[in-house]
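J.: Just the structure for this:
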Amino acid sequence: MTFIHQLSDPGTDPIFGLQTEFKEDKREGKINLIIGVYTDEDGKPPAIMKALKKAEEQLLQQESTKNYLGIAGDEEYLTLTAKIVFGDIEQEKIGKIQTVGGTSALSTGFEFLRKSGFSHVSVSDPTWANHHQILSDLEYKVVTYPHKKAMGDFSVFTDHLHSLPDTSVVLLQAKCHNPTGIDFTKEQWMIVSEICKKRRFFPFFDSAYAGFGHSLEEDGWAIQYFVKQGHDLIVAHSYSKSFAIYNERVGALFAVIQDKNSRGIVMRNLLRLVRVNYSNPPAHGSSSIKTVLKTPELYKLWVDELCEQRNRINAIRKRLADELTSIFDESVYLQTRDGSGFFCELPLTHDQINRLKREFGIYITDSGRISLPGLLSKHFQFVIDSLKKVTQT
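T.: Sure, this is the predicted structure:
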């Protein structure tokens, strides 16, 4: 077909492509530290959370229709989710749309801003790989700053912000930065807010790991602070991690618009983008989560499960950090120890990463990102010994 000759080959997705390579590896004992999914010590695919399973059992008995939800989705689900994201902030200023996971929230939000005239986006380097793919397809000009360096010297980030064109979009990860795990302090968030407001930047928050930092309440602090400071902003929220509901694709897009007259125009434009894309969101996942959020005993069970997962990941993080002192310099130890969420990132070269895969069957991403839940106790010492071999020879 002639049109094929006009297409360039984008290659495989950097995360799921590597996951496919792992699946095709026939070696016994191979170790998957690639994708951020929660696994218990048995290493099996992520189990359905108990609270979610009970909610699904209730739905099976009570559900009476498979009718459309409408373009914006389930209003009650959105109100309950907004409570998670924004705490006690009055929801009148918040436009709400249920999305097909966090990725469609990001895509829809950035497409809306592109059509609104924004052309520059500030992104941390490194960041989640799909951020760049979304922004590239929308033909944004992406400018980056070195995230790890900025955490040691915050002026690196503030100088970067001051260098941006007026009315730029600033992509911010609310908590549990992917891939580094290193987050801003509250004092640093306050400085970022002040600069963004003074320069009229548009903050765009990616909230994918609520509950895996400190708590559901604490992990929304930065978003809530920005709203209280009077920013217009967008939040892309995902439940994939916090409910281990990866394949149901349950997310939300929130647009905080301070001016009442502009709010309706913004929402109608966002809804039109949804309509021509996926039209209506799926209902099962959001209905299950809604049942948990509005049922006190299920909500408590969910929060307890989430706390248990967070504590396990933190224990893995601490153990890994202690072992890294004999492999890397102190900064790597501190960044790993003090980080939060699913990931840490090690300063490995491409050759070292390839050696881990080729010689030891240990799969991590090309950036050196390690998914901590996948670092099982039975594999731990082997991974440490392998890291030593590839870094010291």
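J.: quick one: secondary structure of the nearest residue to residue 323 once chain neighbours are set aside?
T.: Closest residue to residue 323 apart from its sequence neighbours, by CB to CB, 6 or more residues apart in numbering: residue 384 at 4.9 Å. Any C-beta I mention is one placed from the backbone N, CA and C, and that applies to glycine too. At residue 384, secondary structure determined by DSSP: H, G, I helix; E, B strand; the rest coil is helix.
J.: count of neighbours near residue 384?
T.: Residue 384: 17 surrounding residues under other CB atoms under 10 Å.
J.: ok, now how distant is it from residue 345?
T.: From residue 384 over to residue 345 the distance is 17 Å, taken as CB to CB, to the nearest Å.
J.: Same check on residue 275?
T.: 39 Å.
J.: List the buried residues for stretch 54-64?
T.: 54-56 (16 or more other CB atoms under 10 Å).
J.: Could you dump the residues you listed into a markdown table and include pLDDT, secondary structure and distance to residue 83?
T.: As requested, the buried residues of stretch 54-64 are exported to a markdown table (pLDDT from 0 to 100; DSSP: H, G, I helix; E, B strand; the rest coil; distance: CB to CB, whole Å):
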| residue | pLDDT | secondary structure | distance to residue 83 |
| --- | --- | --- | --- |
| 54 | 97 | helix | 21 |
| 55 | 97 | helix | 17 |
| 56 | 95 | helix | 22 |
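J.: surely residue 66 meets residue 283?
T.: Yes. With contact defined as CB atoms under 8 Å, residue 66 reaches residue 283; the gap is 7.3 Å.
J.: what about the two, which has more around it?
T.: residue 283 (22 against 7).
J.: residues contacting the more buried one?
T.: Residue 283 is in contact with 66, 69, 74, counting by CB atoms under 8 Å, 6 or more residues apart in numbering.
J.: Any chance of the backbone angles for the second one?
T.: Note on residue 69: backbone dihedrals following degrees, to the nearest 10 are phi -80, psi -20.
J.: average pLDDT across stretch 290-302?
T.: Stretch 290-302 comes out with an average pLDDT of 97.
J.: Kindly apply the preceding question to stretch 81-99 instead.
T.: Averaged across stretch 81-99, the pLDDT comes to 95.
J.: again, but for stretch 338-350
T.: Average pLDDT, stretch 338-350: 94.
J.: Keeping just the C-alphas, turn that stretch into CSV.
T.: Only the C-alpha atoms of stretch 338-350 are listed here, as CSV (Å, rounded to 0.1, in the frame of the first residue of the first chain):
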residue,chain,number,x,y,z
ASP,A,338,14.3,9.6,51.1
GLY,A,339,12.2,8.9,48.0
SER,A,340,8.6,7.7,47.8
GLY,A,341,6.4,5.6,45.6
PHE,A,342,7.0,2.7,43.3
PHE,A,343,10.4,3.7,41.8
CYS,A,344,13.9,4.7,42.3
GLU,A,345,16.5,5.4,39.5
LEU,A,346,20.0,4.2,39.6
PRO,A,347,22.9,5.9,37.7
LEU,A,348,23.6,3.0,35.4
THR,A,349,25.0,3.2,31.8
HIS,A,350,23.2,1.6,28.9
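J.: which of the residues in that stretch are buried?
T.: 339-346, 348.
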